[in-house]
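J.: pasting a predicted model and its sequence here:
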Amino acid sequence: MAESPKDKTSRRKNAVTESPKVNSQKDTTPQESPTETTSRTNMTLNQKTRDRAHSMATEDMPVCVICHDDFLEPKLLPCLHTFCKKCLQQLAQSGDNKEILCPECLDPQPITTDIEKLPDNTLIQHLNSIILASGKSSKKGGKSKKEKDINCSSCDKDIAAVCRCEDCKEFLCQPCVDSHKSMKALRGHSTITMKEWRKRRDAMAVKPQIAKFCSKHKGEEIGNYCVKCRKTACKDCADLEHSGPTHNCIPLEEAVQQSRQQIENALQNTRQAEAKFRGAWEIMDKRNSKLKETVDNLKKQIQDVMIREREEIAKREETFLEDLKAVDQEKRKEMNAFYDKLEANLEDFWAAQDLADSVLDLGEDYHVISLEKVLCERLDLLSSWRPSLPSEDLAEIDFVEEDDELESDHVESIVEEEVEDGEIWEMDGVIGGRGAGEGQFDWCRGVTVSLDGHCVVADWGNHRVQVFNKDRSFKCVLNTSKTMHGRLSMPHDAACLPDGRFIAIDKSKFVRVYDPDGKFLFRFETVCEDNVAKGEAVELSCVAVDRRSRVFVGDVKRNVVTVHYSDGLHIKTIPTVAPSHIAITSQDFVVVSCTQKQKVRVMNFDGKFAFQIDVYGDGEKLRPRGVGCDKDDNIYVVHKERGGEKSVHMYDDKGTYVACVATNLNEPYDVELSPDGRVVVSDDDTVKIFRKVCTT
């Protein structure tokens, strides 16, 4: 049966996991002579063939996938798949083209329709003969095929042989046996019956002997091989057809040894190539695992966000219902006051009307005359009354969510407000260049400026954070004491505390603190001990410090911004999606750049949304990276569009676009504002500084 794609995949995986090991050590065994090598090889081959023959006697042989029957004259294709000669001929005749493809693997290499030219699969032929001799059939449930009789090779008569001469190597019919015994020169030859010969043949179960008789020269054994013609030959064929300088006849055993060596060399080269494919398979497994991990992480992030959103929605629902209940109670109280007043008025009407009806129905004339004045005065008064109704607004409730109201006001302010002032900026200086020396960088990442004017740059490729003086000269590298805990690996961002200390984060889970001279002081984690015990993943991405010396750390794995005191003590956690960059305004608003969502979100210290920035200029889509704030709470955003514009843009404290600060940058990453109002941008392997020259 043909192998299914699933079986092929399983087989390929097994080939990867159970591949043969290649001994790379040099062979130190003594060299064997060609005779010893041939003998040892034949012994090994005989044992393998016996094992294979035993396996074929107990298990099913492969069958042709076209006719699903035993192979008949099996032909070997270039892709090494085997089919019956007759099946291939029928396949070639059924097609319109002069070429066919392998029916099993559809190998794109075309196969000639001249099936006769395809090589015979002699191994399959031999295994079929073994199966036939053992009385088995390759077809499931099939019966053994009867072996054809072997004719006498000593005479020209087509008579079945009854024995074989071990000395002459001839099959003999009964008349030839009688002649054989009657000749004096042949009387000493040893003969065995055909039954005995078959038993010996089946017991050996080895490959066909090298020595066969030539089909052209009767009685001549094949013992030579023409390298040029790639054909076997007997002695007569070698002398008559394969002699001369254009031919090269060698002993058949030597040709077999050379062919075996050629196959072994080709097999070794194939195994080396196969090892590369196994390596490619392992790479694919790793990438597949990484893809699965990414999908699982994103799935968990989505689920976590949805859980938080549902919790937030539930809280907001509860708040809204409570607010609605309060409004309802207030309005119902007012409505009930009107109901009470109307009820009292109606009771006055009913009392006067009942008395008047009683006087008219039951009273005597005296009663009518005596009560007429009082009744009429009261009835006239009641007739002049008019009901008092509340305003229709009492039955209506205008319920607007605070965020929607805030957003609506923000949109209105954007529409109505026009930017009267235009900012013009120019380059004021450049720090660094590509390299590993002092003042050189290998891809600048986060950048910050201290209150005293020190510029701090995360030098990602050089695994360090460099500090520069106000005059832009090199000052120091963080962790100048070279302590193990103070070492940085691929630092992402840095920040400055008001007291002159520096803070840095890298690919580890620690936030590190250094003194003003760059010496390591201590480190702390952003995850509480309970979450650490759970093995929660951490990936720190950004850090900032506010005016109260509180440290804000972004974590893109956990989708949070954690807030800490300067000693590392945890204050609170603010949920936000993928915070890649962060800045804090003087009013304690948290500005978070999310490259994943392609927007900048601004929220208060409690995490409540204020507004967002997602466009620049005349409404073009913003691709945000780093963010920064000046003393007036203006917001600066790095815009980096792959294959497009790379610039820095300025917005006011409400998110209204103001101006473009810098354009034509190389690979901008982060932006920060110096105390004197200069814009500092990390751009590839340099730090560029811009200053405002005028306001139009």
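T.: That came in fine, so what should we check first?

J.: which SSE is Gln89 in?
T.: Element membership of Gln89 [criterion: DSSP states H and E] is helix 85-94.

J.: helices or strands next to that helix in the packing?
T.: strand 74-76, strand 99-100 (3 or more Cβ pairs under 8 Å, 6 or more residues apart in numbering; DSSP states H and E). Placement of C-beta: from N, CA and C, glycine included.

J.: any idea which of the ones you listed is most buried?
T.: Mean neighbour count (mean count of other Cβ atoms under 10 Å) peaks for strand 74-76 among the helices and strands packed on helix 85-94, with a mean of 21.

J.: just to revisit the earlier point, save the helices and strands packed on helix 85-94 as a markdown table, and put in mean pLDDT too.
T.: Compiled in a markdown table, the helices and strands packed on helix 85-94 are given as follows (pLDDT from 0 to 100):
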| stretch | mean pLDDT |
| --- | --- |
| strand 74-76 | 85 |
| strand 99-100 | 72 |
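
J.: can you list these in CSV and add distance to Asn265?
T.: Output for the helices and strands packed on helix 85-94, formatted as CSV (distance: least, Cβ to Cβ, whole Å):
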stretch, distance to Asn265
strand 74-76, 20
strand 99-100, 30
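
J.: dihedrals phi and psi, Arg316?
T.: Dihedral pair for Arg316: phi -70, psi -40, per degrees, to the nearest 10.

J.: just the pLDDT for it.
T.: Arg316 is assigned 88 on the pLDDT scale.

J.: swap in the one 3 residues further on?
T.: Note for Thr319: predicted pLDDT of 89.

J.: how near is it to Lys631?
T.: With distances taken as Cβ to Cβ, to the nearest Å, Thr319 is found 35 Å from Lys631.

J.: related to what we said a few turns ago, restricting to C-alpha, output the helix holding Gln89 in PDB.
T.: Taking Å, rounded to 0.1, in the frame of the first residue of the first chain, the C-alpha atoms of helix 85-94 are listed here in PDB:
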ATOM      1  CA  LYS A  85       7.300  -2.700 -16.200                       C
ATOM      2  CA  LYS A  86       3.900  -3.500 -17.600                       C
ATOM      3  CA  CYS A  87       2.200  -0.900 -15.300                       C
ATOM      4  CA  LEU A  88       4.700   1.800 -16.400                       C
ATOM      5  CA  GLN A  89       4.100   1.000 -20.000                       C
ATOM      6  CA  GLN A  90       0.400   1.300 -19.600                       C
ATOM      7  CA  LEU A  91       0.800   4.600 -17.800                       C
ATOM      8  CA  ALA A  92       3.000   5.900 -20.600                       C
ATOM      9  CA  GLN A  93       0.600   4.800 -23.300                       C
ATOM     10  CA  SER A  94      -2.400   6.400 -21.500                       C
END
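
J.: for the stretch 101-250 of the chain, which segments are assigned as helices?
T.: Read by DSSP state H, counting those that start in this stretch, the stretch 101-250 of the chain holds these helices, from start to end of the chain: 122-133, 174-182, 194-204, 235-240.

J.: which of these sits closest to Asp676?
T.: helix 122-133 (86.7 Å; Cβ to Cβ).

J.: now do the closest one, average pLDDT.
T.: The pLDDT scores in helix 122-133 average 70.

J.: how about stretch 663-670?
T.: Averaging pLDDT along stretch 663-670 yields 92.

J.: just for the stretch 1-150 of the chain, where's the confidence low?
T.: Within the stretch 1-150 of the chain, the ranges that satisfy pLDDT under 70 run 1-61, 95-98, 108-113, 129-148.

J.: what do you get if the cut-off is 80, keeping everything else the same?
T.: Within the stretch 1-150 of the chain, the ranges that satisfy pLDDT under 80 run 1-62, 69-70, 92-101, 103, 106-117, 122, 125-149.

J.: residue contacts, Asp653?
T.: If you count contacts by Cβ atoms under 8 Å, 6 or more residues apart in numbering, Asp653 has them with 585, 587, 632-635.

J.: can the residues you listed go into JSON lines with extra columns for neighbour count, secondary structure and pLDDT?
T.: Below are these laid out as JSON lines (neighbours: other Cβ atoms under 10 Å; DSSP: H, G, I helix; E, B strand; the rest coil; pLDDT from 0 to 100):
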{"residue": "Thr585", "neighbour count": "20", "secondary structure": "coil", "pLDDT": "95"}
{"residue": "Gln587", "neighbour count": "13", "secondary structure": "coil", "pLDDT": "93"}
{"residue": "Asp632", "neighbour count": "11", "secondary structure": "coil", "pLDDT": "93"}
{"residue": "Asp633", "neighbour count": "15", "secondary structure": "coil", "pLDDT": "94"}
{"residue": "Asn634", "neighbour count": "19", "secondary structure": "coil", "pLDDT": "95"}
{"residue": "Ile635", "neighbour count": "26", "secondary structure": "strand", "pLDDT": "96"}
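
J.: low-scoring pLDDT stretches of the stretch 501-650 of the chain, where are they?
T.: In the stretch 501-650 of the chain, residues with pLDDT under 80: 528-536, 642-643.

J.: tell me where it has helices.
T.: 529-533.

J.: same check on the stretch 351-500 of the chain?
T.: 365-384, 402-416.

J.: which elements pack onto the first one?
T.: Spelled out, that is helix 365-384. Judged by 3+ Cβ pairs under 8 Å, 6+ apart, helix 365-384 is in contact with helix 252-362.

J.: for Val457, see how far away Thr448 is.
T.: Applying Cβ to Cβ to Thr448 and Val457 gives a distance of 8 Å.

J.: out of the contacts of Asp653, which comes closest to Trp443?
T.: Distances from Trp443 to the contacts of Asp653, taken by Cβ to Cβ, are shortest for Ile635, at 24.9 Å.

J.: any idea of the pLDDT on the residue of the chain positioned farthest from its centre?
T.: For the chain, the residue at maximal distance from the C-alpha centroid (Cα atoms, centre = their mean) is Tyr366, at 107.7 Å. At Tyr366, the predicted lDDT confidence score is 85.

J.: residues bridging contact with Thr448 and Val457, i.e. touching both?
T.: By Cβ under 8 Å, 6+ apart, the residues touching both Thr448 and Val457 are Ala494.

J.: pull the contacting residues for the nearest residue to Asp670 once chain neighbours are set aside.
T.: Leaving aside its chain neighbours, Asp670 sits nearest to Gly626 (3.3 Å; criterion: Cβ to Cβ, 6 or more residues apart in numbering). Applying Cβ under 8 Å, 6+ apart, one finds that Gly626 lies in contact with 446-447, 581, 593, 637-638, 668-672, 681-682.

J.: where's Gly626 relative to Ala583, distance?
T.: From Gly626 over to Ala583 the distance is 8 Å, taken as Cβ to Cβ.

J.: on that earlier part again, weakest of the helices of the stretch 351-500 of the chain in terms of mean pLDDT?
T.: Among the helices of the stretch 351-500 of the chain, helix 402-416 scores lowest, at a mean of 41.
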